[in-house]
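**Q** quick one: sequence plus predicted model below, questions after.
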Amino acid sequence: MAEVAPSLWSRFVARMRETSWAIDANDGIIATAGLLQGFAGAGAGDRLLLFTAIAAMIAGGLSAGGAKWAEVAAERESELGIAAQEEEELQRDPAGELATLAAHWESRGLEPALALEVAQQLTARDALGAQLDAEHGLEEITHRSAPWWAGLETSIAFMIGAAIPVLITYYAPVAIETWAIIVAVVVSLALTSLVAAGVGRLSALRMLIRSLTVGLGTMGVSYLAGVIFF
């Protein structure tokens, strides 16, 4: 079964049609803002807060990207293992695999004769692909570049989100920094949640409530931890 390498533009468009980019950006906003609130509660000054924000943006982005890379790479390895197993079964018992494929299409509502004809035509065109699609719902093997792209996209989305509290820390005086970060986080989470809900056809209100609950809760707990323990 051939691997299809998507173009850079097609990957970008597909990514923008998903909600995962907004979730990654929200993670960057919440994680960085939460860390800043903890340091602010501990009485940290402007210089330390700015360093903390930048470090959180870079380290968090790399960590999120690395985790996504590992996740997609593991999925690809699993797909390759399944494909290898199916290919071995096709070589060992092609008639049995053809019968299995025909039974699949018969279970989907086709008459036995038609199901067998469909199975024969699909097998003649791409035997392995037909088996993977029917038995595992696997239309194509993830391309070898997909894990790297997924990791890069996640890192960028995370850092874009984290850049919001970083910029607030850089430009706002420490006296109003805490409130400025809270306001910026609420607005940012609201915008990304609404956009993601529209793109993914999800409930905008539910997604907004979840994002704000997690974001404000994280910042609140972090700030109290800074006040109590430092």
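**A** Received the coordinates, thanks.

**Q** let me see the contact set for residue 80.
**A** When contacts are counted by CB atoms under 8 Å, 6 or more residues apart in numbering, residue 80 touches residue 141. For the C-beta atoms, the positions are set from N, CA and C on the backbone; glycine is no exception.

**Q** pLDDT score assigned to it?
**A** As predicted, residue 80 sits at a pLDDT of 94.

**Q** one more: residue 43?
**A** Confidence score, pLDDT, at residue 43: 78.

**Q** specify the local secondary structure of it.
**A** Under DSSP: H, G, I helix; E, B strand; the rest coil, residue 43 falls in the coil class.

**Q** what is the burial count for it?
**A** Residue 43: 11 surrounding residues under other CB atoms under 10 Å.

**Q** from residue 184, how far out is it?
**A** Note on residue 43: its distance to residue 184, by CB to CB, to the nearest Å, is 21 Å.

**Q** residue 70 now?
**A** 31 Å.

**Q** and these two? which has more neighbours close in?
**A** Set residue 70 next to residue 184 and count neighbours by other CB under 10 Å: residue 184 wins out with 17 against 13.

**Q** contacting residues for that one?
**A** Applying CB under 8 Å, 6+ apart, the residues near residue 184 are 33, 164-165, 168.

**Q** now name the helix or strand holding it.
**A** Using DSSP states H and E, the element containing residue 184 is helix 174-200.

**Q** list the buried residues for the helix or strand just after that helix?
**A** With elements assigned by DSSP H and E, the helix or strand that comes after helix 174-200 is helix 204-229. Across helix 204-229, burial judged by 16 or more other CB atoms under 10 Å covers 207-208, 211, 215-216, 218-219, 222-223, 226.

**Q** return the helix or strand in this structure with minimum mean pLDDT.
**A** Every helix and strand of the chain was ranked by mean pLDDT, DSSP states H and E. The lowest is helix 8-16, at a mean of 54.

**Q** that concludes my questions; thank you for your assistance.
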